[in-house]
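[1] when you get a sec, could you give me coordinates for this:
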Amino acid sequence: MKKLFGVIGDPISHSMSPAMHNDLFEFYSIDAHYQPFHISSENLTDAIKGFRAIGIAGFNVTVPHKEAIIPLLDELDPLAEAIGAVNTVKNQDGKLIGYNTDGSGFVKGLLNQKQSINDKKVLIVGAGGAARGIYFTIAKEGPELMDICNRTPQRAEQILNDCPFKVPARVLNRQEAEESLEKYDLIVQTTSIGMHPEISRIPLSVHKLKPGAFVSDIIYNPLQTRLLKDAVENGAGIQNGIDMFVYQGALAFEMWTGIEPDIERMRQKVLNQLGGLSC
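    Below is the predicted model:
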């Protein structure tokens, strides 16, 4: 019987996960299918009950459910529990177990771009589920400092308080971050601001970037957000969300199947679906 996998979110039509994972299932001759599920917040509890009833083998979790899904699961991986957000669920003998591959996927993608973290000054933009995973994982690598810019300071403060890997850090508003931007080596944009279709929006101005700074935006649709375009104009190296997306997907695929997938095949599949070239 064909195994069912999927991804839940609201919205979900933009996701490249189905194309990427279904291609891998075919490539590795696995009798499985990966389905997108558009699930609103008010229907999340019923959806998870339905997944249990049909015996779904595993699924990914995207906005806005990464934190809300936690009470609906049977167990959490220690890292996911510390982060307080889940992006991957595995059905293990009837138990739904939550994991977080966002941070690990991001760091793997960053290293793929020959960017180190150790002793760097980092600014994280946003304080949602993805930001928590990225913050915790980068903090473990030993940056010199890591500040957070977020419009709701309480959420950012919570990340600093919860992180088990302590680094010098401050919570900044947008104006404060823009005024001190020249001190950061790495800026990581983790919000949905600038995602299709609202591609004209920008989370903060990057006109005061440090020479040689690197700007990473975890959005991959469009491939180059307005933030990244502005960063290029100001002399920065850039990275879109393709690397993080592919690497976190690879970690989930391996978790579900035991197979370490072909990263470049995954990357090309996503780029073909998006109809562009990675930046």
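[2] which residue sits closest to Lys108 in space, ignoring its chain neighbours?
    Spatially, and ignoring its direct neighbours in sequence, Lys108 is nearest to Tyr247 (4.1 Å; Cβ to Cβ, 6 or more residues apart in numbering). Heads up, the C-betas are built off the backbone N, CA and C, glycines and all.
[3] the one you found sits in which helix or strand?
    helix 242-257 (DSSP states H and E).
[4] buried ones in that helix?
    242-253, 255-257 (16 or more other Cβ atoms under 10 Å).
[5] for the helix or strand following it, buried residues please.
    For helix 242-257, the succeeding helix or strand toward the C-terminus, using DSSP H and E, is helix 263-274. Residues Ile263, Met266, Arg267, Lys269, Val270, Leu271, Leu274 are the ones in helix 263-274 that count as buried (16+ other Cβ under 10 Å).
[6] point out where the stretch 151-279 of the chain drops to low pLDDT.
    Applying pLDDT under 70 to the stretch 151-279 of the chain flags the ranges 276-279.
[7] quick one on the thing from earlier: Gly212: which of the buried residues of helix 242-257 is nearest?
    Asp243 (19.6 Å; Cβ to Cβ).
[8] quick one, what contacts that closest one?
    Gly105, Phe106, Lys108, Gly109, Leu110, Asn112, Gln113, Arg267, Ser278 (Cβ atoms under 8 Å, 6 or more residues apart in numbering).
[9] hang on, the fourth one packs against Gly249?
    No: taking contact to mean Cβ atoms under 8 Å, the distance of 10.9 Å between Gly109 and Gly249 leaves them out of contact.
[10] now Ile54. Nearest residue, chain neighbours left out?
    Leu4 (6.8 Å).
[11] who does the helix or strand harbouring that neighbour touch, helix- and strand-wise?
    Under the criterion of DSSP H and E, Leu4 resides in strand 3-9. Secondary-structure packing of strand 3-9 (3 or more Cβ pairs under 8 Å, 6 or more residues apart in numbering; DSSP states H and E): helix 17-27, strand 32-38, helix 44-54, strand 58-61.
[12] what are the buried residues along the third one?
    Within helix 44-54, the residues that qualify as buried are Leu44, Ala47, Ile48, Phe51, counting by 16+ other Cβ under 10 Å.
[13] and for stretch 64-72?
    Result for stretch 64-72 [16+ other Cβ under 10 Å]: buried residues Pro64, His65, Lys66, Glu67, Ile69, Ile70, Leu72.
[14] now stretch 149-167
    Buried residues in stretch 149-167 (16+ other Cβ under 10 Å): Cys149, Asn150, Arg155, Ala156, Ile159, Leu160, Cys163, Val167.
[15] right, and the third one touches Arg132 too?
    Which is Arg155. No: under the criterion of Cβ under 8 Å, Arg155 is not in contact with Arg132, lying 9.1 Å apart.
[16] returning to what we had before: which residues touch the residue nearest to Lys108?
    Thr101, Ser104, Gly105, Phe106, Lys108, Gly109, Asn112, Ile263.
[17] between those residues, which is closest to Leu181?
    Once Cβ to Cβ is applied, the member of the contacts of Tyr247 that ends up nearest Leu181 is Phe106, at 20.4 Å.
[18] name the nearest residue to that closest one, sequence neighbours excluded.
    Once chain neighbours are set aside, the closest to Phe106 by Cβ to Cβ, 6+ apart is Met244, at 4.4 Å.
[19] pretty sure that neighbour sits against Thr101.
    No: between Met244 and Thr101 there is no contact under Cβ under 8 Å: 9.6 Å.
[20] per-domain residue ranges of this structure.
    3-99+243-274, 103-240 (automatic domain parsing).
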